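*Asks:* Below are the sequence and a predicted model; questions follow.
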Amino acid sequence: MISPELHARIAEWRRKSLDGTITLEEQREAVKLMREGRLAAAQASSAAKRTKAKAEIKSADEMLEELGDI
């Protein structure tokens, strides 16, 4: 979740970028924060993939047995 302060900084960087007044240091800071956000998102995504339950794959014999119950 992005804090209100960070939202304000991003808006300021966008305005400065459009005006052509953004400094190299501000650009570096923006890139650093974007990278951190992407790393956090990637970690959260990989954690979610690990916790998903997988469906049990039945053997052919088990499936045929189920058909026999019908």
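*Replies:* Right, received. Where do you want to start? Numbers count the residues shown, from 1 in each chain.
*Asks:* Show me the residue sitting in the middle of this protein in space.
*Replies:* Closest to where the C-alpha atoms of the chain average out (CA atoms, centre = their mean) is residue 41, at 3.1 Å.
*Asks:* Find the least confident helix or strand in the protein, judged by mean pLDDT.
*Replies:* Lowest on mean pLDDT, DSSP states H and E among the helices and strands of the chain sits helix 24-51, with a mean of 79.
*Asks:* Can you list the helices and strands that that one packs against?
*Replies:* The criterion is 3 or more CB pairs under 8 Å, 6 or more residues apart in numbering; DSSP states H and E, and the helices and strands that helix 24-51 contacts are helix 4-19. (Glycine included, C-beta is placed from N, CA and C.)
*Asks:* Buried by neighbour count: which residues of the helix it packs on qualify?
*Replies:* Across helix 4-19, burial judged by 16 or more other CB atoms under 10 Å covers 9, 13.
*Asks:* Next, the angle from it to helix 24-51.
*Replies:* Here helix 4-19 runs at an angle of 130 degrees relative to helix 24-51 (axes from the mean of the first three to the mean of the last three CA atoms, to 10 degrees).
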